[in-house]
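> Next comes the sequence, and after it the predicted model I'd like to discuss.
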Amino acid sequence: MPRVLVCASTVSHIQSFHLPYLRYFNEQGFEVHVAAQGDQLPKELCITHSIDMSKRFFSVNNLRAANYFRRLIKTYRFDLILTHTSLAAFLCRLALLFAGKKDTMVINTVHGYFFFKGCGFFKKAVYYLPERFLAGVKDYIVTMNEEDTIAARGLHRPGGAVFRVPGMGVDESRFHPASAQEKKQARLNLSLPEDAFVLVYAAEFSGRKNHIELIRAMPEIIKSVPKAVLLLCGTGLTQEKIKAETARLGLNTFVRFLGFCRDIENIYKACDMAVSVSQSEGLPFNIVEAQLCALAVAASSIRGHTDLIEHGETGWLYPPGDRKALADIIAGVFKSEDKGDKQRKAAVESAGHYTLKNAYPKNTACYRHVIRNSFSERN
C-alpha cells in the first residue's frame, strides 16, 4: 500500500482545509499520515503524528521538529509528501533533504509566500533563500495567485511543474446570503442593534494580519458612520496589544472581540460589510466566505486580495497603510442608496469559482497527474 504524508503547522489547518483531500487519498488506496501540531483528527481518515513547532522559523524547538520529521520519513519512507503552510513545509522539506529524498515525490502547496513584491530586501532574503535552497526536493508546486505562480517558476526540481488552483475550496453549503429574518436573528444572538452598520474582520491576530491599521482607522470611520460596530473574529499573538489600543482610543463600545468562531457563517449573517487589512495573503478564505454571503468587501490592495476583488466591481481595494482611504470606502458604501448591492451580487458570482465544488477537482487533478506520471515510472 502506498503511503502519503500531509503536513501543516496545525491540526486546525488540516481540519479547516484538507479533510476532503484526506478522504481522496484514502479512496485511492493510500495509507494516509498527517504531521501537524495537535492530534484531533478522525482516526478512520489518517494516522496522526503530533509535532510541536514554533512560529519563529529559527528556534531550537523547530530544530527538534525537523529532526522528528527526519525520523518519521526514514521510518515510513513515504511515496508522496504534501507540504502545506510555510513553517511546516520548510521543516518537512529540510528533513527530507537530510533523510534522503530517494523516490519520494513532493508537492508543495503555497498558501502565500512570505516574500512578496515590496516586502523589503531583508525579508525577501530570509524567506526566498530557503525556498531556493530546497528547490531540489520539490517536484511540484501548487499556487493560488498570480504573483506566487510567477515566483514559483524555477523553485522546483528539473522535470517538475507549477500548478495553479483556486485555493483548497470554501464549503459553499455553509455560506450564502442571509435573508432579512436570518440577519435579524443573528443580530439578536450577538446583541447587536438592528440599525448598526456591522463590519467584520475574520483573521488570526498577528502582525501580518495588521489589525492595528483597522483599529486606528475606526475613529475616522465612526465620524461618517456613527453606528458602526466592528466584530473581530480570531485569536493570536497580537490580540492583547490590539485590545489595549482599542481601549486607548476609547473604542470599546464600537469594537467587539469574539474569539475563534467555529460558526463564522452565522457571524457573517449579522454583518453588512467585511474588511481585510492584511499585509500579505495567498488566497484568503475570509474574503471568499464574505463574498459568498453577499457582504460588501473592503480590502488592502495586496496579492491575494487583488486576485479575488475587482475594484468597484466585486468589492473595493485601498492602498495599504492609507487609513483614510479605507474609511472613505466604508463611508461610501454606508451612504450609498443600495449599500453596494451591485458589487455584492457580482461578488457572489465571482466567489463561486473558489468553492470546494470547483477547487476540489482542480487539486485532485494535480494529485492524479503526479501519481500517474511518477508512480508509473517506477513500475
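Sure thing, it's come through.
> since we're on the closest residue to F205 other than its chain neighbours, how many residues are nearby?
Nearest residue to F205, sequence neighbours excluded (CB to CB, 6 or more residues apart in numbering): G236, at 3.2 Å. Yep, even glycine has a C-beta here, placed from its N, CA and C like the rest. In terms of burial, G236 registers 17 neighbours under the definition other CB atoms under 10 Å.
> check contacts around G236.
With contacts defined as CB atoms under 8 Å, 6 or more residues apart in numbering, the neighbours of G236 are E204, F205, S206, K209.
> ok, now how distant is it from E265?
Counting by CB to CB, to the nearest Å, the separation of G236 from E265 is 21 Å.
> What about the contacts of G236, which one has the most neighbours?
Ranking the contacts of G236 using other CB under 10 Å puts K209 first, with 25 neighbours.
> my guess is that one contacts S278, does it?
Yes - K209 lies in contact with S278 (CB atoms under 8 Å); the separation is 5.2 Å.
> which other residues reach stretch 203-216?
Outside stretch 203-216, the residues touching it (CB under 8 Å, 6+ apart) are 201, 230, 232-239, 241-242, 245-246, 249, 251, 255, 275-280, 286, 300, 320-321, 323, 326.
> domains of this protein?
Residue ranges for the structural domains of the chain, counted by automatic domain parsing, are given in the record as 3-169+356-378, 180-354.
> Out of those, which gets the lowest mean score?
Mean pLDDT is lowest for domain 3-169+356-378 out of these, coming in at a mean of 92.
> Next, V200: secondary structure please.
The three-state label given to V200 by DSSP: H, G, I helix; E, B strand; the rest coil is strand.
> pretty sure R77 is touching K101, no?
No - with contact defined as CB under 8 Å, R77 does not reach K101; the gap is 10.7 Å.
> The two: which is more packed in?
The residue with more neighbours, out of R77 and K101, is K101; 18 against 12, by other CB under 10 Å.
> quick one: P130 is in a helix?
Yes - secondary structure of P130, determined by three-state DSSP: located in a helix.
> Provide a list of residues in contact with the residue lying closest to it once chain neighbours are set aside.
Beyond its immediate neighbours in the sequence, the residue positioned closest to P130 (CB to CB, 6+ apart) is F90, lying 5.8 Å away. Going by CB under 8 Å, 6+ apart, F90 touches F57, P130, L134.
> Would you write a ChimeraX line that selects the buried entries of these?
To isolate the buried subset of the contacts of F90 in ChimeraX, counting by 16 or more other CB atoms under 10 Å, use the following:
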select :130,134
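> Adding distance to S50, write the contacts of F90 out as JSON lines.
Shown next, in JSON lines, are these (distance: CB to CB, whole Å):
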{"residue": "F57", "distance to S50": "20"}
{"residue": "P130", "distance to S50": "24"}
{"residue": "L134", "distance to S50": "24"}
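> quick one: which of the contacts of F90 is nearest R174?
In terms of CB to CB, no member of those lies closer to R174 than F57, at 33.3 Å.
> so what's the closest one up against?
Under the criterion of CB under 8 Å, 6+ apart, the contact list for F57 reads L87, F90, V126.
> Which element, helix or strand, includes the first one?
Using DSSP states H and E, the secondary-structure element containing L87 is helix 86-99.
> do you know how far L317 is from V225?
Applying CB to CB, one obtains 19 Å for the distance of L317 from V225.
> what's the answer for R372, then?
Taking CB to CB as the criterion, R372 is separated from V225 by 55 Å.
> okay, those two: which has more neighbours?
Neighbours around R372 and V225, counted as other CB under 10 Å, are more numerous at V225. The numbers are 22 against 10.
> tell me the contacts of the more buried one?
F197, I330, A331, F334.
> tell me the SS of the nearest residue in space to it that is not next to it in sequence?
The spatial neighbour of V225 that comes closest, neighbours along the chain excluded (CB to CB, 6+ apart), is F334 at 4.7 Å. Secondary structure of F334, reduced to three states by three-state DSSP: helix.
> do L258 as well
strand.
> Do I have it right that it meets C233?
Yes - with contacts defined as CB under 8 Å, L258 counts as touching C233 at a distance of 5.0 Å.
> contacting residues for the residue nearest to L251 when sequence neighbours are not counted?
In space, L251 comes closest to M218 once its chain neighbours are excluded; the distance is 5.4 Å by CB to CB, 6+ apart. Counting by CB under 8 Å, 6+ apart, M218 makes contact with A228, L230, L249, L251, F254, V255.
> Does D103 lie in a helix or a strand, and which?
Secondary structure (DSSP H and E) places D103 outside all helices and strands.
> measure it to L72 for me?
As for D103, its distance to L72 is 17 Å (criterion: CB to CB).
> Same check on V137?
According to CB to CB, V137 stands 15 Å off from L72.
> Pretty sure P166 sits against K362.
Yes - judged on CB under 8 Å, P166 makes contact with K362 at a distance of 6.4 Å.
> Looking at these two, which one has more neighbours?
When neighbours are counted by other CB under 10 Å, P166 and K362 differ, and P166 comes out ahead with 21 against 15.
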